[in-house]
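[1] for reference, the sequence and a predicted model appear below.
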Amino acid sequence: MEKPRKSVRRKGRGVTIDEVATLAGVSPMTVSRVMNNQGKVRDTTRERVLQAVRELDYTPNLAASSLAAAQHTRIALVYNNPSGAYLREMLVGLLRVASRTSIQLVIDYWEHTDADAERKAARAMAGKVDGVILPPPVCESHAAVGEFVRAGIPVVAIAAGRSSDEISCVRIDDLRAGKELADYLITRGHTRIGFIKGRPDLSASARRYEGFQTAMFEAGLPIDASLVQQGDYTYRSGLKTGEKILAHKRPPTAIIASNDDMAAAVVSVAHRRGLDVPRDLSVVGFDDSSSATTVWPELTTIHQPIASMANAAIDVLLRTIRRKDRSTRVLVDQVVPHRLVVRGSVGAPGKSG
């Protein structure tokens, strides 16, 4: 009687990348980077992976490489933005493109603000993703950006106020947009205009205020420093700064807020003080987020195409990740068009009582 043959596993055919990763004590993505010679991997880690490959006689499935490249591309969105409306717009754009490109979208919230914590978080994330999208304020973190760059992880900043020599950017021209807002109010006859700044640590905030200053200077109009207040992009800061400006003995006839959340708060303060918008006070915002159309009257604002910018950021990342030559970094500074959206929150100062 013939003895039954033992089942023998054929090396190199049944072995998966997950088994190699388990044996080497790393992630499947790290194994993929070693096998494709992509990204930065420590020499000791690379040797562990190659040793596991030799022990298991692992051979990559080249026939499935194209599909795997798409399915195993992990892109992270790291956020710490106080504006829920802004974040919703960005997620819409990211989820839309993720659903049709087979990428895996990782969303991570960082509540820490010190450099060491951000550096550690970036270092931990670098070993798990292929690319990173950084909206404000995280895009201004030198600690996080530096860590990702050292790890060889492509990064795209969304809505940074300026270009970068370290990472790619998708942004609008904030200075020009800020100037257009002020110019519009000036053409409507406003000469005494208040301004609520965004976060002081963000370049986009500074650029929007510079645009306001430029418009006022070109029009020969003075800027009353007491009508310029520091906000932080939150609705609450809009309430606080709006109260300060409108309590002035000579309040302005118009207020520019650096985002729609703060502008909506100013409208609320005006109503509480018995002022009519826009008859007694004109208010404009920035971003054209959902906050702009959930107040009455709806806000005149700058439309920043946040969802489209998120879409463009993923496109930049995918083209970077899938480049065959990764020995040199190619940075993209994509300035997308914005537009002034005129709604009902602006009137002529002559109508005020």
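    All right, it came through fine.
[2] so what's Cys169 bridging to?
    Beta-bridge partners recorded for Cys169 (DSSP bridges): Ala157, Asp333.
[3] how many residues are close by it?
    For Cys169, the count of nearby residues is 25 (other Cβ atoms under 10 Å). Heads up, the C-betas are built off the backbone N, CA and C, glycines and all.
[4] that one and Ala312 touch, don't they?
    No: using Cβ atoms under 8 Å, Cys169 is not in contact with Ala312, being 10.3 Å away.
[5] find residues that contact each of these two.
    With contacts defined as Cβ atoms under 8 Å, 6 or more residues apart in numbering, the residues shared by Cys169 and Ala312 are Gln334.
[6] pLDDT (mean, whole number) over stretch 314-324?
    Regarding stretch 314-324, the rounded mean pLDDT is 82.
[7] same thing with stretch 45-56?
    82.
[8] distance from the chain centre to that stretch, please.
    Distance of stretch 45-56 from the chain centroid (Cα atoms, centre = their mean, to the nearest Å) equals 37 Å.
[9] in it, what counts as buried?
    Residues Thr45, Arg46, Arg48, Val49, Leu50, Ala52, Val53, Leu56 are the ones in stretch 45-56 that count as buried (16 or more other Cβ atoms under 10 Å).
[10] among those residues, name the ones in helices.
    Counting by DSSP state H, the buried residues of stretch 45-56 place Thr45, Arg46, Arg48, Val49, Leu50, Ala52, Val53, Leu56 in helices.
[11] residue contacts, the fourth one?
    Listed by Cβ under 8 Å, 6+ apart, the contact partners of Val49 are Val20, Ala24, Val26, Thr30, Val31, Val34, Met35, Val41.
[12] repeat the analysis, applying 7 Å as the threshold.
    For Val49, the contact set (Cβ atoms under 7 Å, 6 or more residues apart in numbering) comprises Val20, Ala24, Val26, Thr30, Val31, Val34.
[13] out of those residues, grab the one that's most surrounded.
    Val31 (28 neighbours).
[14] my guess is it meets Thr22, correct?
    No: assessed by Cβ atoms under 7 Å, Val31 is found out of contact with Thr22, at 9.8 Å.
[15] from Val31, how far out is Arg46?
    Separation of Arg46 from Val31 (Cβ to Cβ, to the nearest Å) stands at 10 Å.
[16] re the thing from before, can you add distance to Met125 and give the buried residues of stretch 45-56 back as TSV?
    Formatted as TSV, those follow (distance: Cβ to Cβ, whole Å):
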residue	distance to Met125
Thr45	16
Arg46	20
Arg48	21
Val49	20
Leu50	24
Ala52	23
Val53	25
Leu56	28
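[17] for the stretch 51-200 of the chain, what spans make up the strands?
    Counting by DSSP state E, counting those that start in this stretch, the stretch 51-200 of the chain has strands at residues 74-79, 104-109, 131-134, 155-158, 168-171, 193-197.
[18] could you do the stretch 251-353 of the chain as well?
    254-257, 282-284, 301-303, 333-335, 339-341.
[19] deepest-packed of those, please.
    When those are scored by mean count of other Cβ atoms under 10 Å, the highest mean neighbour count falls to strand 254-257 (a mean of 31).
[20] chain neighbours aside, what residue packs nearest to the most centrally placed residue in the chain?
    Centroid-nearest residue in the chain: Pro135, 1.7 Å away (criterion: Cα atoms, centre = their mean). Spatial nearest neighbour of Pro135, chain neighbours left out: Ile158 (4.6 Å); criterion: Cβ to Cβ, 6 or more residues apart in numbering.
[21] also Ala348?
    Gly189 (5.0 Å).
[22] now the one you found. Its backbone dihedrals?
    phi 100, psi 0 (degrees, to the nearest 10).
[23] list the contacts of Pro200.
    Applying Cβ under 7 Å, 6+ apart to Pro200 gives the contacts Gln230.
[24] what's the per-residue pLDDT of Arg96 here?
    76.
[25] can you report how many residues lie near it?
    15.
[26] renumber starting at 24 from here on
    Taking 24 as the first residue, the last one we looked at is Arg119.
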